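**Student:** structure, please.
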Amino acid sequence: MVRARTIHNLSPLHVTGRDRTTIDRLWDDVGADENESRAPAGLLRPKQGVTSMPAVRRADVTWSGPLLTGSGSVSASSSAAFEDLPVTWASRTETADGRTSPEELVAAAHASCFAMAFSGALTRAGTPPDRLSVSAEVTFDKVEAGWRVVSSALTVVGVVPGMFAPDFRAAAEAAKDGCPISQALKGNVGLSVDASLED
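**Tutor:** So this is what the prediction gives:
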């Protein structure tokens, strides 16, 4: 019988260094506790005394017409991964009908950022995941102050050999709080994560 490993250093309340939580350290020296060549390019923070260029990514939008009846297109200019995706007000507030929306793009950003943060934390803790399946549901709703992005709900199902479900959930909470996109949304958008191990 393989004994599951309990993860002690992923608790959001675990203090390391000079009163810095695991959340604060989530992106510090990614790969430092493993072979750095395995860390994805661009995730390694510079060591002291070493300068690095900030990563800048660009998207471009063209919009024509009034808000309610007009339409636009959005392109990923930095990567050229997608081009001229249609976007309308109706695709935000009614049905997508093959068109994207700012909220869908935020959902993609949040899900992918969380997956990277969670994978990195699990790997540094000695339990690298075989697979993490992540989704994010971003809600755009009309509240008293007007239309707002009100929440981003993450769901993750993982295959992580040697890990108990409670440890997996605790680690997911820490990654949810610490990933850079969560940090960008924090304080304005309700954040949650539903984490489970695949049976």
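
**Student:** what segments of the protein are helices?
**Tutor:** Ranges of helices in the chain, per DSSP state H, are 89-93, 102-124, 165-178, 180-185.

**Student:** which other residues reach the last one?
**Tutor:** Read it as helix 180-185. W27, V106, A109, H110, C113, F114, A117, V149, S152, K176, L191 (CB atoms under 8 Å, 6 or more residues apart in numbering). For glycine as for every other residue, the C-beta is placed from the backbone atoms N, C-alpha and C.

**Student:** now, the most widely separated pair of the residues you listed?
**Tutor:** Within the contacts of helix 180-185, two members stand farthest from each other by CB to CB: W27 and V149, at 23.6 Å.

**Student:** circling back: distance to A145, mean neighbour count and mean pLDDT added to the helices of the chain, as CSV?
**Tutor:** Putting the helices of the chain into CSV (distance: least, CB to CB, whole Å; neighbours: other CB atoms under 10 Å; pLDDT from 0 to 100) gives the following:
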stretch, distance to A145, mean neighbour count, mean pLDDT
helix 89-93, 16, 16, 96
helix 102-124, 17, 21, 97
helix 165-178, 25, 21, 96
helix 180-185, 17, 18, 97
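
**Student:** tell me where this structure has strands.
**Tutor:** 15-16, 20-21, 59-64, 71-76, 85-87, 131-143, 146-159, 190-197 (DSSP state E).

**Student:** the nearest residue in space to A172 that is not next to it in sequence pairs with what?
**Tutor:** Of all residues not flanking A172 in the chain, A195 sits nearest, at 3.5 Å (CB to CB, 6 or more residues apart in numbering). Taking DSSP bridges as the rule, A195 bridges to V156.
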